[in-house]
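>>> Quick one: sequence and predicted model below, then my questions.
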Amino acid sequence: MPEQPFEPDRAIAGTGAGGAMDLATSEAATLEKTPGGPLGTGPAAKPRSLWSDAWRDLRRNPVFIISALVILFLVVISLWPSLIASGSPLKCDLSKAQEGSQPGAPFGYDGQGCNVYTRTVYGARTSVTVGVCATLGVALLGSVLGGLAGFFGGGWDAILSRITDVFFAIPVVLGGLVLLSVVTSNTVWPVIGFMVLLGWPQISRIARGSVITARQNDYVQAARALGASNARILLRHIAPNAVAPVIVVATIALGTYIALEATLSYLGVGLKPPSVSWGIDISAASPYIRNAPHALLWPSGALALTVLAFIMLGDAVRDALDPKLR
């Protein structure tokens, strides 16, 4: 059989089936230069993590962008309310009680002659402080207790499960009426402590389920076989892969805690005057809703917008971190 002439402009590449595939020289050079192959899926392609994919999705989500801008604005005016509001929220003039919008008071005056605009701006500080601190406390306490129960199991898991059942049986508003009615402090810390006390069981159950799921993965078994300690396995291997559901639930719960603070303040057991809170203003303006509806609508609108922004942010984070929704 005569030998076929060698063609220098062709390259021969072996296939996985044992045959041969002719490639043009230019195509072979392209494959050599492309790190990840023609589709970028070769061994040199760097895989993206869950967090990088989530951040990419969040940047393209208009719901996340809008809610993040609203929350950023609330945080700025909470730290520096004097940037957009002059005067003191505690300065009132009874001669201007229930008056409408006018220069220097675009939102009008409430029943005590206080500037509704100034009090609405300064009320954001209280709501953001309570929401953020309560969420951090609940997430930290619930994650630690639930994570340890899910990791070690046994008697510790059984005891924690029964304790969470007891706390779940306590109505939140009723518990606030009972526990905060004996507190005389005008600061936000008793309210934050109450929210942490009754809020940690929800995060605890979420963290427990996530840790149990992550504990069964092969990389955890491999780390254990290599002699890794329980602390290293929990902190280096399980916690980073189990924290996503906790972040989602905590973000959504932040708006709930802000609404809960306003509810308790409205009922008179949360923050008390002279503290500035949207719940206090709503409660004080309720008897004058016919004569001065503006005193009720503006703090109520600010409260609703804040809660909606945090809930929308939580929904966007959930959509980005949940692999089932991709």
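Arrived safely, thanks for sending. Numbers count the residues shown, from 1 in each chain.
>>> Please count neighbours and contacts with C-alpha atoms only from this point.
Fine.
>>> And R162, how close does it get to G142?
Using Cα to Cα, to the nearest Å, R162 is found at 14 Å from G142.
>>> Those two: which has the busier surroundings?
In this comparison of R162 against G142, neighbours counted by other Cα atoms under 10 Å, the higher total goes to G142 at 25 against 11.
>>> Now do the contacts for G147.
With contact taken as Cα atoms under 8 Å, 6 or more residues apart in numbering, G147 is in contact with 204, 207-208, 211.
>>> Return the member of the residues you listed nearest to L303.
Nearest to L303 among the contacts of G147 is S204, at 27.7 Å by Cα to Cα.
>>> residues in contact with that closest one?
Contact partners of S204, counting by Cα under 8 Å, 6+ apart, are 141-147.
>>> confidence score at it?
With respect to pLDDT, S204 scores 92.
>>> ok so it is a strand residue?
No: under the criterion used here (DSSP: H, G, I helix; E, B strand; the rest coil), S204 is helix, not part of a strand.
>>> What's the first helix or strand after the helix or strand T120 falls within?
Assigned by DSSP states H and E, T120 belongs to helix 116-152. Toward the C-terminus, helix 116-152 is succeeded by helix 154-168 as the next helix or strand (DSSP H and E).
>>> I would like the C-alpha coordinates for that following helix, written out in CSV, please.
Once non-C-alpha atoms are left out, helix 154-168 reads as follows in CSV (Å, rounded to 0.1, in the frame of the first residue of the first chain):
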residue,chain,number,x,y,z
GLY,A,154,-27.2,13.5,70.2
GLY,A,155,-28.4,14.9,73.5
TRP,A,156,-27.4,18.4,72.8
ASP,A,157,-29.5,18.5,69.7
ALA,A,158,-32.5,17.0,71.5
ILE,A,159,-32.3,19.5,74.3
LEU,A,160,-31.9,22.5,72.0
SER,A,161,-34.9,21.3,69.9
ARG,A,162,-37.1,21.2,72.9
ILE,A,163,-36.0,24.7,74.0
THR,A,164,-36.7,26.1,70.6
ASP,A,165,-40.2,24.6,70.7
VAL,A,166,-40.9,26.4,74.0
PHE,A,167,-39.8,29.8,72.5
PHE,A,168,-41.8,29.2,69.3
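>>> Can you give the contact residues for it?
Contacts for helix 154-168 (Cα under 8 Å, 6+ apart): 145-146, 149-150, 198, 201.
>>> mind putting these in TSV, pLDDT, distance to V75 and neighbour count included?
Supplementary listing: the contacts of helix 154-168 in TSV, determined by pLDDT from 0 to 100; distance: Cα to Cα, whole Å; neighbours: other Cα atoms under 10 Å:
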residue	pLDDT	distance to V75	neighbour count
L145	92	30	20
G146	91	30	28
A149	90	35	25
G150	89	35	24
L198	90	25	18
P201	91	28	26
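>>> Farthest-apart pair in those, please.
The largest distance within those, taken as Cα to Cα, falls between G150 and L198 and amounts to 20.2 Å.
>>> Show me where the chain dips below the pLDDT cut-off.
Residues of the chain that meet the criterion pLDDT under 70 lie in 1-50, 323-326.
>>> Where do the strands of it begin and end?
Secondary structure of the chain by DSSP state E: the strands cover 10-14, 20-24.
>>> any idea how far Y288 is from A158?
For Y288, the distance to A158 equals 52 Å [Cα to Cα].
>>> Pick out whichever of these two has more residues nearby.
Neighbour count, other Cα under 10 Å: between Y288 and A158, Y288 has more, with 15 against 11.
>>> That one touches Y109, doesn't it?
No: no contact is recorded between Y288 and Y109 when judged using Cα atoms under 8 Å, the distance being 11.4 Å.
>>> How many residues are close by the closest residue in space to V307 that isn't next to it in sequence?
Distances taken as Cα to Cα, 6 or more residues apart in numbering place G255 nearest to V307, at 4.5 Å, with adjacent residues excluded. If you count neighbours by other Cα under 10 Å, G255 ends up with 27.
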